[in-house]
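Q: structure, please.
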Amino acid sequence: MPETRLELSIDPRQLSSLKAALEGQRAVPGDDKPTLITSLYYDSPDRKLHHDGLSLCVEQHDARRVQILRRVDPAAYNSQWRDIITSDGPDPSAPQTGARLRGLIDNELRPLCSTRIRRTCLTLGVKPAVEITATLDEGEVSTVVGGSTEPLCDLDLAMTEGDPAVLFDVALQLVDAAPVRIKTHGNAERGYRLLGGAIEAVTAEPLTLGPSMTVETVLRTTCRECLWHLLHNEGAALAGNAEAIHQMRVAVRRLRAVLAAVRSMLPAEQYQWLKDELKWFASSLGPARDWDVFAMSLLAPVRTVPQTGSDLENLAEAAKQRQQAAYEAARTAIGSPRYTEAMLKTVRWFETYGWRDQRVSEHSALLFSSIAAIAPSLIERRWRQAMKRCKHFAGLSQDERHRVRISLKNLRYMIEFLGSLFDAGSVKALMKRLKGLQEDLGHLNDVRTAQGLIRELVRSAEHDINEVGHAAGVVIGWHLRELTNVETKLNEDVRRVRKTKPFWRPMILATAAPTA
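A: Sure thing, here's the model as predicted:
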């Protein structure tokens, strides 16, 4: 069987707790001599490798040099290629790594950062006939220019035989002893940050599915992509990047949409646990996103108008305080053991095909059908729900329009996941109509949310109710007038979406047609 690996990181200040936990699980007690390893990371002056999601290093321990090329891959987390080389710097003729670099790099490769690591390898004996290799790296990363340094502490768990679930169980036990986390960025990324590179938000990667893929393969693939999207926004979100908070929420919503689409095929208790954990985390991020939208999209335009008065500035200050508190709550959730455990258990679930732990039934058997046979009905279900909620749109309340927005969002996610199975032009045409309608409905929902946020401020004893209430009326009134102007466009956009010809229905008819 292929090797199963899990890369974790830990706060170096908690290293002693981690070592004690590892020592308690060793297969053979004894002292392992650590190995000193130095690595030099390279890139072109225009950072081509970094922009392409690659890192290149030359690693040396004793007299041995190894050239390593790594790619962060949403479908497989980390892929890497290795060559033993004799040169001090990168070898473009190396068979595995050099071959993949040719055609990517036109400029000269230059050293970016270096690492100096003490590597200790231990064998963990967690079950009879099951051994896990734990590789602990402790040291620092330094930039070549400027000499900035940062401590690092990483743990790599690997096994080649046995049930992969055991490896994740070990990681979950370590969470109780030390705050380990799933590693999301490599040492090259650390070097870029030390050189002043911004921690940027990451958007979702498009998926390309094959019609012969089974439903469970697609489930596993989409879960991996959603978790990759979520985890790779952690650093930017912790640094206060508003877009990263938004992208983490998008990743959670997309994952929930996938799971809801195949809910009947999954064990009920597994689905409910995943739903509850994802809902908890989304709700932990929600206030930060809401106050961001209030400050940037609703309050900022009104503040640009001359002579809006000091009341508006007081409202802005009150909102800023709530925004900061919401960000602190979001950071606390991201750094919590509950979040780490939820991520590890979710990765364990799809890496070990946890949904197979159920009785075979008419519904569970669909997991082994081809996605081409199931995809049209999955989209049709979301389409019908959205069209039903869109009826008599002009007369719908704010809450009812909010439900329309949610149903259209779920439809859009489903088409994004499965769109590669259909005609690209037809998919693009519908997605364009959905996007425009969603943006307008999104602004409508932002104003609806803002009304709730303002009520929260008015109830607060920290601020003068009259001042906040007057400023709130100015802000809400401004945007309600704007919404009145776009009402005609909203109704027209709904009509255009409803008149769209569903491109997936011919496949439903073909599937349902009797065979000759």
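
Q: give me the buried positions along the helix or strand Thr449 falls within.
A: Element membership for Thr449 (DSSP states H and E) is helix 424-459. In terms of neighbour count (16 or more other Cβ atoms under 10 Å), helix 424-459 has its buried residues at 427, 430-431, 433-434, 437-438, 440-441, 443-445, 447, 449-450, 453-454, 457. The C-beta positions use only the backbone N, C-alpha and C, and glycine is treated the same way.

Q: now for the top strand by length along the chain, which elements pack on it?
A: Longest strand in the chain, counting residues (DSSP state E): strand 110-127. For strand 110-127, the packing partners by 3 or more Cβ pairs under 8 Å, 6 or more residues apart in numbering; DSSP states H and E come out as strand 35-43, strand 130-143, strand 149-159, helix 164-177, helix 187-194.

Q: now it and helix 187-194, what's the angle there?
A: 130 degrees (axes from the mean of the first three to the mean of the last three Cα atoms, to 10 degrees).

Q: quick one: strand 110-127 to strand 130-143, angle?
A: Relative orientation of strand 110-127 and strand 130-143, computed by the same axes, to 10 degrees: 160 degrees.

Q: run the chain-centre distance for the helix holding Thr449.
A: A distance of 21 Å separates the centroid of the chain from that of helix 424-459, by Cα atoms, centre = their mean, to the nearest Å.

Q: quick one: list the elements packing against the helix or strand that comes right after it.
A: Per DSSP H and E, helix 424-459 leads on to helix 465-498 as the next helix or strand towards the C-terminus. If contacts are counted by 3+ Cβ pairs under 8 Å, 6+ apart, helix 465-498 sits against helix 300-303, helix 310-334, helix 371-390, helix 424-459.

Q: find the nearest non-adjacent residue to Gln451, please.
A: Nearest residue to Gln451 in three dimensions, chain neighbours excluded: Ile476, at 6.1 Å (Cβ to Cβ, 6 or more residues apart in numbering).

Q: likewise for Gln438?
A: Leaving aside its chain neighbours, Gln438 sits nearest to Leu408 (5.7 Å; criterion: Cβ to Cβ, 6+ apart).

Q: may I see the buried residues of the helix or strand harbouring that neighbour?
A: Assessed by DSSP H and E, Leu408 sits inside helix 398-418. For helix 398-418, a neighbour-count test (16+ other Cβ under 10 Å) marks 401-402, 404-418 as buried.

Q: Leu441 is in contact with the residue nearest to Gln438, correct?
A: Yes. Judged on Cβ atoms under 8 Å, Leu408 makes contact with Leu441 at a distance of 7.1 Å.

Q: wait, what's in contact with the residue nearest to Gln451?
A: Applying Cβ atoms under 8 Å, 6 or more residues apart in numbering, we find Ile476 in contact with 447, 450-451, 454.

Q: give me the pLDDT value at it.
A: For Ile476, the pLDDT comes out at 75.

Q: where does the prediction get shaky in the stretch 251-400 of the chain?
A: 304-311 (pLDDT under 70).

Q: Ala333 reaches Leu285, doesn't it?
A: Yes. Counting by Cβ under 8 Å, Leu285 is a contact partner of Ala333 at 7.0 Å.

Q: so which of the two has more stuff around it?
A: Leu285 (21 against 18; other Cβ atoms under 10 Å).

Q: if we can go back for a sec, I'd like the contacts of Ile476 written out as JSON lines, with pLDDT and distance to Ser148 added.
A: As requested, the contacts of Ile476 are exported to JSON lines (pLDDT from 0 to 100; distance: Cβ to Cβ, whole Å):
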{"residue": "Val447", "pLDDT": "81", "distance to Ser148": "45"}
{"residue": "Ala450", "pLDDT": "81", "distance to Ser148": "42"}
{"residue": "Gln451", "pLDDT": "79", "distance to Ser148": "47"}
{"residue": "Ile454", "pLDDT": "79", "distance to Ser148": "44"}
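
Q: and of the residues you listed, the nearest to Leu195?
A: If you rank the contacts of Ile476 by distance to Leu195 using Cβ to Cβ, Ala450 comes first, at 39.3 Å.

Q: ok so, going back, compile the contacts of Ile476 into a markdown table and extend it with columns for distance to Thr4.
A: Output for these, formatted as a markdown table (distance: Cβ to Cβ, whole Å):
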| residue | distance to Thr4 |
| --- | --- |
| Val447 | 49 |
| Ala450 | 47 |
| Gln451 | 50 |
| Ile454 | 51 |
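
Q: what's across from Val141 in the sheet?
A: With DSSP bridges as the criterion, Val141 is bridged to Thr115, Glu150.

Q: and the pLDDT for it?
A: Val141 is assigned 95 on the pLDDT scale.

Q: so it sits against Asn187, correct?
A: Yes. Val141 is within contact range of Asn187, at 5.4 Å (criterion: Cβ under 8 Å).

Q: could you look up the SS state of Gln358?
A: With DSSP: H, G, I helix; E, B strand; the rest coil as the basis, Gln358 sits in coil.

Q: tell me how many other residues surround it.
A: Neighbour count of Gln358, defined by other Cβ under 10 Å: 16.

Q: which one is it nearest to, not counting chain neighbours?
A: Pro267 (4.4 Å).

Q: please work out which of the helices and strands packed on strand 110-127 is packed deepest.
A: helix 187-194 (a mean of 21; mean count of other Cβ atoms under 10 Å).

Q: who touches that helix?
A: With contacts defined as Cβ under 8 Å, 6+ apart, helix 187-194 is touched by 39, 41, 43, 47, 49-50, 55-57, 70, 112-113, 115, 141-143, 146, 148-150, 152, 199.

Q: now the angle between strand 35-43 and that helix, please.
A: 60 degrees.

Q: what's the helix or strand just after helix 187-194 in contact with?
A: Downstream of helix 187-194, the first helix or strand assigned by DSSP H and E is helix 215-231. With contacts defined as Cβ under 8 Å, 6+ apart, helix 215-231 is touched by 74-77, 182, 184, 202-205, 207, 209, 213, 247-248, 250-252, 254-255, 258, 262, 265, 343, 346-347, 349-351, 353, 355, 366-371, 374, 417.

Q: among the residues you listed, which are in helices?
A: Among the contacts of helix 215-231, DSSP state H puts 247-248, 250-252, 254-255, 258, 343, 346-347, 349-351, 371, 374, 417 in helices.

Q: spit out the contact partners of the closest residue in space to Gly419 that isn't next to it in sequence.
A: Residue nearest to Gly419 in three dimensions, not counting chain neighbours: Val427, with 4.2 Å by Cβ to Cβ, 6+ apart. Val427 sits next to 415, 419, 503 when contact means Cβ under 8 Å, 6+ apart.

Q: closest to Asp91 out of those?
A: Closest to Asp91 out of the contacts of Val427 is Gly419 (41.5 Å), distances taken as Cβ to Cβ.

Q: and that closest one, how far from Tyr413?
A: 10 Å (Cβ to Cβ, to the nearest Å).

Q: got it, and Lys33?
A: Plainly put, Lys33 is 51 Å away from Tyr413 if you go by Cβ to Cβ.

Q: what are the C-alpha coordinates of stretch 412-429, in PDB please?
A: Taking Å, rounded to 0.1, in the frame of the first residue of the first chain, the C-alpha atoms of stretch 412-429 are listed here in PDB:
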ATOM      1  CA  ARG A 412     -23.900  27.600  -7.800                       C
ATOM      2  CA  TYR A 413     -21.700  25.400  -5.600                       C
ATOM      3  CA  MET A 414     -23.100  22.300  -7.100                       C
ATOM      4  CA  ILE A 415     -22.500  23.500 -10.600                       C
ATOM      5  CA  GLU A 416     -19.000  24.600  -9.700                       C
ATOM      6  CA  PHE A 417     -18.200  21.100  -8.400                       C
ATOM      7  CA  LEU A 418     -19.900  19.200 -11.300                       C
ATOM      8  CA  GLY A 419     -19.600  21.600 -14.100                       C
ATOM      9  CA  SER A 420     -16.700  19.900 -15.800                       C
ATOM     10  CA  LEU A 421     -19.000  17.000 -16.700                       C
ATOM     11  CA  PHE A 422     -21.100  19.300 -18.900                       C
ATOM     12  CA  ASP A 423     -20.800  21.600 -21.900                       C
ATOM     13  CA  ALA A 424     -18.500  24.500 -20.800                       C
ATOM     14  CA  GLY A 425     -20.400  27.200 -22.700                       C
ATOM     15  CA  SER A 426     -23.800  26.200 -21.200                       C
ATOM     16  CA  VAL A 427     -22.200  26.100 -17.700                       C
ATOM     17  CA  LYS A 428     -20.600  29.500 -18.200                       C
ATOM     18  CA  ALA A 429     -23.800  31.100 -19.400                       C
END
